[in-house]
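Q: what would the 3D arrangement of this be:
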Amino acid sequence: MLVASGKADIPGLTELLPDTVLAHLHAHPPCSGDIPTIALSLDGPPGGLLDSGCSVVRRAAGRLRGLAEAWRTAGGFIARRGRAVTELASPPAGSLLSSQLSEGFEHEDSFEVVLHAANLRGQLASDLLADVLEGFLANRPAGVSWLMRLRNVLVRPLRLRTSPLGCPVSSLLSPNRDNLFAGRHPVLDQATDPRGLHAQVLLGADDRHLRFRSCVGVRIAGDEARITLGTRVQARNLFGRFYMACIEGAHRRYVSPAMLLLAVEHAQRRLHPATDPATAIAL
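A: Residues are numbered from 1 along each chain as shown. Got it, this is the predicted structure:
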């Protein structure tokens, strides 16, 4: 009826009591104590011993939680949209890794990230590879760094090789300057395509318990650029086999994929400085 008369408004549509009843209530305000009420409680009757005890516990827990929040680092995550790391069944054709440790090895893995070549701005494969190698040094996964610190503490009494950098590319920190890629990265071997479409380097080191070789490569074909990281590990003794059995799962499922992804993100930011790191791989 209010709508038909053109007098509809929010107060008019939400008022439920007639004017005569409202006038009576204003003239004779009800006493809350005279109105029957039902109190609902999840812990005990209001004012009872259980209710009072619960209130004390909640207040104490709230203060403790507030203190804990003040010391805790803010949480959250970055959603990486777009390209992801893919595990390959074997090293790419022509990989320098294919001829390494051919006498036998206990572990092999290969991972790949695919980028759109249109976003490389004419960059050569060797230039992109140099940026990816720099990314392994400058953009390290925090979890891998923590695992390496723990690993170094455990193996130092055994006089094994230690490094702050994840095993697949730890030889990038080698002081050996005999063979440098892009004039700054120590490598065991390297190969580049004269047309600038393919570049790869071989990394690795020998330790008392094992030998490892890793190949990082960039191949530009059509409208795609494929960045790969492959690793082979050969145990030199029984302890080396035991060591690989302990770490192989973490190495395959986390260490290598995480290191490759963040290294490629670093290279993409070099190409697109204003790009949001969370979406760099989507380019």
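Q: how is the chain divided into domains?
A: Following automatic domain parsing, one finds the domains of the chain at 2-66, 86-282.
Q: as a markdown table, those domains with mean neighbour count and mean pLDDT would be great.
A: Glycine gets a C-beta too; all of them are placed from N, C-alpha and C. Converted to a markdown table, the domains of the chain look like this (neighbours: other Cβ atoms under 10 Å; pLDDT from 0 to 100):
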| stretch | mean neighbour count | mean pLDDT |
| --- | --- | --- |
| domain 2-66 | 9 | 70 |
| domain 86-282 | 17 | 90 |
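Q: what segments of the stretch 151-283 of the chain are strands?
A: Listed in chain order, the strands of the stretch 151-283 of the chain (DSSP state E, counting those that start in this stretch) span 180-181, 185-186, 189-192, 198-206, 210-221, 224-235.
Q: any idea of the angle the last one forms with strand 198-206?
A: On the basis of axes from the mean of the first three to the mean of the last three Cα atoms, to 10 degrees, strand 224-235 is oriented at 20 degrees to strand 198-206.
Q: tell me which other helices or strands strand 224-235 touches.
A: If contacts are counted by 3 or more Cβ pairs under 8 Å, 6 or more residues apart in numbering; DSSP states H and E, strand 224-235 sits against strand 107-116, helix 125-138, strand 210-221, helix 238-250, helix 256-271.
Q: what does the first one give?
A: Applying 3+ Cβ pairs under 8 Å, 6+ apart, one finds that strand 180-181 makes contact with helix 125-138.
Q: tilt between the helix it packs on and strand 198-206?
A: Going by the same axes, to 10 degrees, helix 125-138 is angled at 40 degrees with respect to strand 198-206.
Q: list the contacts of helix 125-138.
A: Outside helix 125-138, the residues within contact range by Cβ atoms under 8 Å, 6 or more residues apart in numbering are 120, 165-166, 169, 172-173, 181-182, 184-185, 192-193, 196-201, 216-220, 225, 227, 259, 262-267, 270-271.
Q: then stretch 238-258?
A: Against stretch 238-258 from outside (Cβ under 8 Å, 6+ apart): 85, 87, 106-107, 109, 111, 141, 143-144, 147, 151, 166-168, 209-210, 229, 231, 233-235.
Q: mind saving the C-alpha coords of that stretch as CSV?
A: C-alpha atoms of stretch 238-258 as CSV (Å, rounded to 0.1, in the frame of the first residue of the first chain):
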residue,chain,number,x,y,z
LEU,A,238,77.8,-47.3,0.6
PHE,A,239,77.4,-44.1,2.5
GLY,A,240,76.8,-42.2,-0.7
ARG,A,241,73.9,-44.6,-1.6
PHE,A,242,72.5,-44.1,1.9
TYR,A,243,72.8,-40.3,1.6
MET,A,244,71.0,-40.2,-1.7
ALA,A,245,68.2,-42.5,-0.4
CYS,A,246,67.6,-40.0,2.4
ILE,A,247,67.5,-36.8,0.3
GLU,A,248,66.2,-38.0,-3.1
GLY,A,249,62.6,-37.3,-2.4
ALA,A,250,63.2,-33.8,-1.2
HIS,A,251,65.6,-33.1,-4.0
ARG,A,252,63.2,-34.2,-6.7
ARG,A,253,59.9,-32.9,-5.3
TYR,A,254,61.2,-29.6,-3.9
VAL,A,255,64.8,-28.5,-4.2
SER,A,256,65.4,-28.6,-7.9
PRO,A,257,61.9,-27.4,-9.0
ALA,A,258,61.9,-24.5,-6.5
